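1. Turn this into a model:
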Amino acid sequence: MVTKPLVSVVVAVYNMQDTLDKCIQSLICQTLKQIEIILVDDGSIDSSGKICDKYAREDTRIRVIHQKNSGLPMSRLAGLNVASGEFLNYIDADDWCEPNMMELLYNAATKNNADIVFCSAYRHRNDGIARICNLPIDEGLYTKNDIHDCYILPLYGDLKTDILITTGYVWCSFFRRSILRNIKFYKDICMHEDEIIVIQALSRAKSIYVIADPLYNYNRLAPNSLSKRTIYWENYWENIIDVYEAKREFSCNFFTDDSEYMDRLTTYLYLKFFRSIRNETHYTNPAGIWGGLKNVYKLKSKKYLFKNKKYIVKSEFSPVERTLIRLTNCRLYFLVYFYYLIKCNRMRTYVEKTKN
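-> All right, here's what the predicted structure looks like:
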């Protein structure tokens with residue numbers, strides 16, 4: 001008789017042959033043995049698919065799905081559709097888990113009847129290992145009334161930064177699988193897609209539990225990770241607009257006062273607009289310096305900035321950021337562009353690149 005798994009772990013895999021072994025090994029060695037591991041090979045063109053199949057032959061808890069390349073959201077949906085555990089966790093294929101992660105998360109969920117359990121993580125970069133511990137509240141159990149202020153509202157943005165809290169990522173979120181049923185996955189959103197999943201799940205959760213201990217290892221060293229790369233992002237601003245519109249779509253479920261979330265969303269949007277300009281100055285931009293400037297003027301949906309600028313009154317922008325906002329509102333994008341070109345030392349990088 002096959003025992004039904006307590007936890008389903010879904011790993012979306014795309015060209016991760018260099019890191020996949022470590023990721024899968026960390027799941028196989030979990031102290032909680034009653035889990036199923038669902039590996040979704042999203043049309044990898046390296047040996048990732050073969051690695052998945054090899055582990056599936058060696059461990060009956062592992063199931064492999066091979067599909068045409070459809071993107072991360074659709075890979076996660078494919079895993080969710082076949083999952084059978086009471087709880088579900090999404091893991092990135094270039095990361096790995098602490099040996100007792102699933103056991104601690106499962107015990108916290110069942111003992112406290114929590115629909116979601118959050119944990120902290122270790123971040124691995126070239127400059128060392130750091131603990132990501134910016135959870136907005138202390139360890140413990142929180143009910144429906146707490147979720148709005150402590151979790152949903154911060155996921156709509158902060159009044160002074162666009163840096164996301166740890167709970168905005170699915171890899172540190174342990175879900176009761178039933179609350180993920182029929183949530184919306186956006187195929188075209190390739191950045192910040194985690195936020196959309198977590199926001200929908202939080203809106204359905206009756207209670208959540210927070211574990212302060214870092215149980216996950218977030219790998220910023222992997223060169224092939226789309227979510228962790230530091231090169232030029234094509235269509236960065238367009239993706240941000242998709243995220244913005246998705247958050248607006250869900251906001252009616254959480255807020256009765258528009259200003260409560262629009263203050264945060266508008267702050268988020270302006271800061272992401274500046275990031276998109278900084279992105280265009282990156283030396284890996286194939287368009288070069290002048291092509292990057294032309295791209296800034298071609299960015300679509302800037303109307304959202306001007307339409308909602310009244311909401312930035314409460315935002316805690318720095319004097320420099322407020323100056324950049326005034327320049328943006330006056331359509332003086334070239335000044336903002338050259339500010340980031342100089343600030344990020346891109347001019348010298350372009351010159352050195354040209355010489356080489």
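2. Please work out how many residues are found near Ser47.
-> Residues lying near Ser47 (other C-beta atoms under 10 Å) number 14. C-beta coordinates here come from the backbone N, C-alpha and C atoms, glycine included.
3. list the contacts for it?
-> Gln17 (C-beta atoms under 8 Å, 6 or more residues apart in numbering).
4. how far away is it from Val243?
-> Ser47 is 33 Å from Val243, where distance means C-beta to C-beta, to the nearest Å.
5. can you check Asn219 too?
-> Counting by C-beta to C-beta, the gap from Asn219 to Val243 is 23 Å.
6. Could you do Asn69 as well?
-> Counting by C-beta to C-beta, the gap from Asn69 to Val243 is 21 Å.
7. Quick check on those two: which one has the bigger neighbour count.
-> Val243 (20 against 13).
8. Where does the more buried one fall, secondary structure wise?
-> helix 236-251 (DSSP states H and E).
9. Looking at this protein, which strand is longest?
-> strand 207-219 (DSSP state E).
10. Leu327 contacts Tyr337, correct?
-> No: assessed by C-beta atoms under 8 Å, Leu327 is found out of contact with Tyr337, at 9.9 Å.
11. Neighbour count: those two, which is higher?
-> Tyr337 (22 against 16).
12. State the number of residues packed around Tyr339.
-> For Tyr339, using other C-beta under 10 Å, the count is 18.
13. nearest residue to it other than its sequence neighbours?
-> Leu324 (6.9 Å; C-beta to C-beta, 6 or more residues apart in numbering).
14. Just the pLDDT at that neighbour, thanks.
-> Per-residue confidence (pLDDT) for Leu324: 89.
15. From the contact counts, what lies against the host helix or strand of it?
-> Assigned by DSSP H and E, Leu324 falls within helix 319-329. For helix 319-329, the elements it packs on are helix 258-280, helix 303-307, helix 333-343, judged by 3 or more C-beta pairs under 8 Å, 6 or more residues apart in numbering; DSSP states H and E.
16. Using CSV, lay out these together with distance to Ile147 and mean pLDDT.
-> Listed next are the helices and strands packed on helix 319-329 as CSV, based on distance: least, C-beta to C-beta, whole Å; pLDDT from 0 to 100:
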stretch, distance to Ile147, mean pLDDT
helix 258-280, 15, 83
helix 303-307, 27, 71
helix 333-343, 37, 90
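17. Tell me which of those helices sits most buried.
-> helix 258-280 (a mean of 21; mean count of other C-beta atoms under 10 Å).
18. Who are the packing partners of that helix?
-> When contacts are defined as 3+ C-beta pairs under 8 Å, 6+ apart, helix 258-280 sits against helix 153-155, helix 236-251, helix 288-298, helix 303-307, helix 319-329, helix 333-343.
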